[in-house]
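Chemist: Make a model of this:
(3 chains)
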Amino acid sequence: MNVNALIPTVDWRALAPFTIVVCTGIVALIIEMLRPRRNNNLVVGVSLFGLLVAGWSLFGMLGGPSDESFAGMILNDRFGQILQLVMVGSCAVCFLFSEPYLREKRIPFAEFYPLALWSTAGGMLMVSSKHLLMVFLGLELLSISLYCLAGMSRYESKSEESALKYFLLGSFASAFLLMGIAFIYGETASLHLGRISEVLGAASASPLSTIGAAMVLVGLGFKLALVPFHQWTPDVYQGAPTNVTAFMAAVSKVAALGALVRFLWAIGTLDTVWFPLMWWVAVATMTVGNLAALVQNDVKRTLGYSSIAHAGYLLVGVLAAFSAPGRVSLDATAFYLISYAAMTIGAFAVISLTASGQHEGTRFYDVRGLWKRAPWAAGCLVVFLCSLIGIPITSGFFGKLLIFQAAFDAGLPALAVLLAVNSAISTYYYLGIIQAAFVTEEGAVAPRFGKPSASLNLACAVCLAGVLGAGLFAGPLIRGMGTAEVGPPVGVPVQDPLTIHTKNTSD
Amino acid sequence: MSGFGILTAQIAIPLAGAFALMLVPNQYTKAIQWIAMLFSIASFAASLAILTRFSGGTYQMQMTEAVSWIEPLGIHYRLGIDGISLWLVVLTTFLNIIAVWFSFYVKSRVKTFFVMVMVLLAAMLGVFLSLDLILFYAFFEASLIPMAVMIWVWGGSKRNYAALKFFVYTFGASIFMLLGILTVAALHRNLTGNLTFDLVSIQKSVASGALWAQAPHLQALLFWSFAVAFMVKCPVFPFHTWLPDAHTEAPTAGSVILAGVLLKMGTYGFLRICLPLFPEATVQAALPMTVLAVIGILYGAAVAAMQPDLKRLVAYSSVAHMGFVVLGIFSLNHIGIVGGAYQQLSHGVSTGALFLLIGLLYERIHTRLFADMGGLKAKMPVFAALYLVLMLSSVGLPGLNGFIGEFMATLGAFQSGIEGAYGLNLLLPILAACGVVLAAVYLLWMFLKVFYGPVTNPLLHRLKDLKTHEVVMVGLLLIAAVWGGLYPQTFLAPMDRSLAAARLMATSAPGERPSWADSGVQIAEDGTLFGPSEGPLPEFVIESSSPSTVGVGR
Amino acid sequence: MGLVNDVPLQWFLALSLYMFVLGAIGVMVRRNPVVMFMCIELMLNAVNLTFLAFARYQPSGALASGDVPTAMAGQMMVIFVMAVAAAEVAVGLGIITAIFRLKNRADADDLGSLRG
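Modeler: Take a look at the predicted model:
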């Protein structure tokens, strides 16, 4: 056997952002061990600097052509780069408001920063590979770090419980994912998604590959919190420390969505099986998420259900892109992810303010008086929630607009209509949060929490800039993203009664 | 024309005001109030400047502006004004001055209040001025937030419920309008190959009949997706339940703006979007819409008569009065539409004034219940006199503005009913006319209860009459009401070409419809089309030189 | 070698599927987190067995896209799965210990403070 053939071409540049983030994590951990016990400012500073460099290197690659290296293990394309940028940015914003929160809750856990960095790196790996081994490793890197982070508040039984739930269900889902990968490997003799796609495309669907694909979708669906694999989400979101929840809501969702898109691309030829399935999953995810959110009395839990609903919206964008690949791109999904990350992290950042001492303080009545205590943060919260509702001119509105448009162009108007119905339902609970933060009842107890720190205000400002900026400058942003293609065409098995019969136009 | 112009200035002035207010520290209440007043007056001045530049002899969009905004999506910043929107803009800025003036009474969170008023003003003006459907939608929704916040923070005891209901109702209805907008734009793209939300170019392809030829079955569906959003806003009968709650709980300035302007966004939407873009569907919907309008007129009147609360009564009377607007518009003949459009304005003035007067009274006695009132005439003669006149304008007394609108709208419905056009019959206008009588009954009854009889409430003995500035405040509205009643032509003349065009866009056969994009075709005094005397017309052909009488629908 | 060749692929698959299903049922039925976690380990081992079986029954000399023998991909995967499973054990037992310290017992039914 030719030995040289075994040594793959290596393009270190493609791996640079990932490497930078991992190394920053290592450096942060070392500093954490050596630092004076008084503060974590150096750790935060180094971590933010590392993320900045990683972001910068990603930004530099953004224009380049897509290619694979490391024997097809690493894929360097625009879609992956955008998603990685979102994750790096989300992680940085989380770091901005974590320190005051950790101090307020007296969580002496500076390992948060390295762990979150590695978790981010795992997410980055997931979206920038077409190799199932890498996807698996990325997923585990992301998840194992998150298990630790969820249980980071060791004196709070809620936090520990959420960690255990997340851990047990997460590894249960990983087992399914792995079994699915094993089946697909058995069918196609490869772990590379490109090769899998070729083999599956050449032959007709076999039970082995179908079951395998379904199991992988279960595993990814769990990470993405798609119904019916969503039960862990509200518990974990509520129980985990708020900064971890924010991180989880943004980074792990983006990563899982990226991996899902790659995987669906590979099993594109099995679409007669998965397309109707995912169609219903999208509908169920939106509806269940929103309906369950209506009856919650904890802000974090409500936002947890809302994140389930948003996963459903994202799935609509993905399905649209897959059912009409020539006409509809993944731009809508990518744009929505950007705005989703900004508005979700922003909302959690503001909510993190209401913790006081050991008291998490995220019940609706705990949030009262936020407006008085922190007008800037409360004002930002309104914008974030308006964006989650989808009110113009926030980026959430344009995200929904793009997804509506994608769904119409792809001939899936029923999904668009259901999404609209869901948006209308969702106003109710988002307004409930705004109401809790703003309305001062006579005789209400003064809020227990303190003034916001400068870094939290900065985090809010960054998210606000993201939410409003992406709205006002949606044009340049979309053009800058280019067109994120998903690959070979897939038919549309679900015929929708409202389909507009489009004359094929090239524009 | 491209670039920014006077219309942008009109929207930008209140926004600038909002920013200026944000910079003032909280404790300088006086400064905040006067800055808000200054920007309101500037905004009114801008609308007067627009008024002087406006030419009434055409139905075309005037002073148009277009700036590219989100190019990949075909979304542009497009503004323009025509006869339909002209007076609404003036009314908005005018009522805003009154609302700001009255809001000098607001004592808590003064800065935030005025910021909200200014943002609301900008959003409402944006709705009336935008020619891009997405921009229209954006302003339409953006107006929700400040209004909801006003109810929420400065509202009465049930404000949470009222604000939530207001927001969820209107947002829930208008999200489907967004889907409708996207579908219409997609149809237009299929036809022409470029994605745009420009109302003018979409209407052009509707006028030629090409747009709906591709998907005739979708027209009714899309019409209703828009119509429901506008019906909730108006509000038309089954969708009106948010209105009494919102009005009752809102602060006075909020009520004035809500009644005066916000409701008109619904009827304006019918005139601006539904009639021009969904002609066949509009004609089909004429009967159901007028039926709902008449139900609203009777129901609003009946329920208003039973209210124990002054503000709730006027709120329900709004449902009835807005019913006349919808009745007029969907009777789809010239006089009806003009009457409907006129009724919009007069309702804005007279109901706005009534809410203002109720607010002035509430500031004095802190109650709105009839049970606590009585005999006010002796204590507040000036107030009683002003109240009487403005109430009579709301009743529709000849010589005051309310009469013109309701009379013309009902007349239009009669005319269509006699002709049997659009499936209408005579029963509807007859019932609507009964509604006028009912309105007189409950409003006079209200007047009786409040101003006559013995003084039962000891609080009322210490009551003072209106101060001079309050008289001026109400007097401005009174002048508008009287002027509107005596010289309606002032207001009607600039409107009627545009209203005639809107009607012809809906009722003419494809290919014979006027189009904003087509400056060659004009509308004569009698509401018919005529082309230029020479030269070919772009796109579609109308018999030139001789006025072609256009038949009533198909 | 000969012995393995005599055992058909289906037998391996049947065994691993049995293990997998057993593990899955265990996770759903049992209430002790340690036992639940052991069941997950059982599932992971079933996965490993599946990978190895498929790798063994690849046609000899078949090459995947990167000129790597296809059999190697499966075997490689098994090593990674084992390593990751070990990492999961470390974290999982850590979390279980932490809960035990807080509550003096660890049972999935006790985890009731998060509901809604």
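
Chemist: now the strands for chain A?
Modeler: All strands of chain A, identified by DSSP state E, fall at A:67-69, A:74-76.

Chemist: Packed most tightly, which of the ones you listed would that be?
Modeler: Mean neighbours per residue, mean count of other CB atoms under 10 Å in any protein chain shown, is largest over the strands of chain A for strand A:74-76, with a mean of 22. Using the backbone N, CA and C atoms, a C-beta is placed for each residue, glycine as well.

Chemist: in the chain, which ranges drop under the pLDDT threshold?
Modeler: I'll assume chain A. Scanning chain A for pLDDT under 70 picks out the ranges A:1-9, A:36-38, A:439-448, A:481-507.

Chemist: Switch to chain C, please.
Modeler: C:1-5, C:59-69, C:105-116.

Chemist: Which stretches in it count as helices?
Modeler: For chain C, the helices defined by DSSP state H cover C:2-6, C:9-29, C:33-56, C:70-103.

Chemist: Looking at these, which one is packed in the most?
Modeler: helix C:33-56 (a mean of 22).

Chemist: rewinding a little: out of the helices of chain C, nearest to B:M322?
Modeler: helix C:9-29 (58.7 Å; CB to CB).

Chemist: Geometric centre of chain C: which residue is closest?
Modeler: C:L44 (0.3 Å; CA atoms, centre = their mean).

Chemist: and of the strands of chain A, who's closest to chain B?
Modeler: Set against chain B and scored by CB to the nearest CB, the strands of chain A come closest in strand A:74-76, at 24.2 Å.

Chemist: So is that closest one next to chain C?
Modeler: No - Strand A:74-76 lies out of reach of chain C by CB under 8 Å from any CB of the partner chain, never closer than 12.0 Å.

Chemist: Just checking: what are the partner strands of that strand?
Modeler: strand A:67-69 (antiparallel) (DSSP bridges).

Chemist: Please list the residues of the stretch 201-350 of chain A that sit near chain C.
Modeler: A:234-235, A:238-239, A:295-298, A:301.

Chemist: which of those tops the neighbour count?
Modeler: A:G239 (30 neighbours; other CB atoms under 10 Å in any protein chain shown).

Chemist: need the helices for the stretch 101-250 of chain B, in chain order.
Modeler: Counting by DSSP state H, counting those that start in this stretch, one finds helices in the stretch 101-250 of chain B at the ranges B:110-129, B:133-142, B:144-154, B:159-192, B:199-207, B:210-214, B:216-233, B:242-249.

Chemist: Of all these, which one comes closest to A:K158?
Modeler: helix B:159-192 (29.0 Å).

Chemist: buried set for that closest one?
Modeler: Using 16 or more other CB atoms under 10 Å in any protein chain shown as the test for burial, helix B:159-192 gives B:159-160, B:162-192.

Chemist: out of these, which touch chain A?
Modeler: Answer for the buried residues of helix B:159-192 near chain A (CB under 8 Å from any CB): B:159-160, B:163-164, B:167-168, B:171-172, B:175-176, B:178-179, B:182-183, B:186-187, B:189-190.

Chemist: Check what contacts stretch B:395-405 and list those residues.
Modeler: Contacting residues not belonging to stretch B:395-405 are listed as B:321, B:324-325, B:328, B:339-340, B:342-347, B:349-350, B:389, B:392-394, B:406-407, B:436, B:439-440, B:443-444, B:480-486, B:488 [CB atoms under 8 Å, 6 or more residues apart in numbering or on different chains].

Chemist: Of all residues in the stretch 1-150 of chain B, which one is closest to chain A?
Modeler: B:A138 (3.4 Å).

Chemist: right, and that residue touches A:F397 too?
Modeler: Yes - under the criterion of CB atoms under 8 Å, B:A138 makes contact with A:F397 at 7.4 Å.

Chemist: What degree of burial does residue 114 show, as a neighbour count?
Modeler: Using chain A. So A:P114, with other CB under 10 Å, has 23 neighbours.

Chemist: other chain: chain B
Modeler: 29.
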